[in-house]
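[1] Got a sequence here, can you build the structure:
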Amino acid sequence: MDRVSGKRLLRLEFRFARATPDDARVVQYELLKDERVWRAFINGYAKNGFVVFDEEALPREELLEKLKSLEPEVVGEVYLTVEELIESSYSWNNVMGQV
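    Next comes the predicted model:
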């Protein structure tokens, strides 16, 4: 865990011009097979999504090339640590935020 504890990840949020549910599912699956991608969610109905990845290992241009068929537009960009990503994934975090 020490080698990843200080790692900085990048979360890019997207709007897609050409995302169908089937295409989105395929692209999301292909992204998640890549070990340089930590999280990915693409909603083909709402035509939006996000990808959390290690920018040192996966250049932004390469990621955008993988998303090219969906015609992505970057609408948000946030840097976060591995710890922040893990903490935001806890289900109790989602529940407690609504209380």
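
[2] make it CA atoms for all contacts and neighbour counts henceforth
    OK.

[3] ok, the nearest residue to L10 once chain neighbours are set aside to D34 distance?
    Spatial nearest neighbour of L10, excluding adjacent residues (CA to CA, 6 or more residues apart in numbering): Y79 at 4.6 Å. Computed as CA to CA, to the nearest Å, the Y79 to D34 distance reads 19 Å.

[4] higher neighbour count, the two?
    Y79 (14 against 11; other CA atoms under 10 Å).

[5] partners of the host helix or strand of the more buried one in the sheet?
    Using DSSP states H and E, Y79 sits in strand 72-81. When pairing is defined by DSSP bridges, strand 72-81 lines up against strand 8-16 (antiparallel).

[6] Give the buried residues for stretch 79-86.
    Residues of stretch 79-86 classed as buried: V82 (neighbour count, 16 or more other CA atoms under 10 Å).

[7] what about that stretch, average pLDDT?
    What stretch 79-86 shows for mean pLDDT is 89.

[8] same deal with stretch 31-44?
    Mean predicted confidence for stretch 31-44 is 96.

[9] Can you get me the start-to-end distance on it?
    First-to-last distance for stretch 31-44 - CA to CA - comes to 15 Å.
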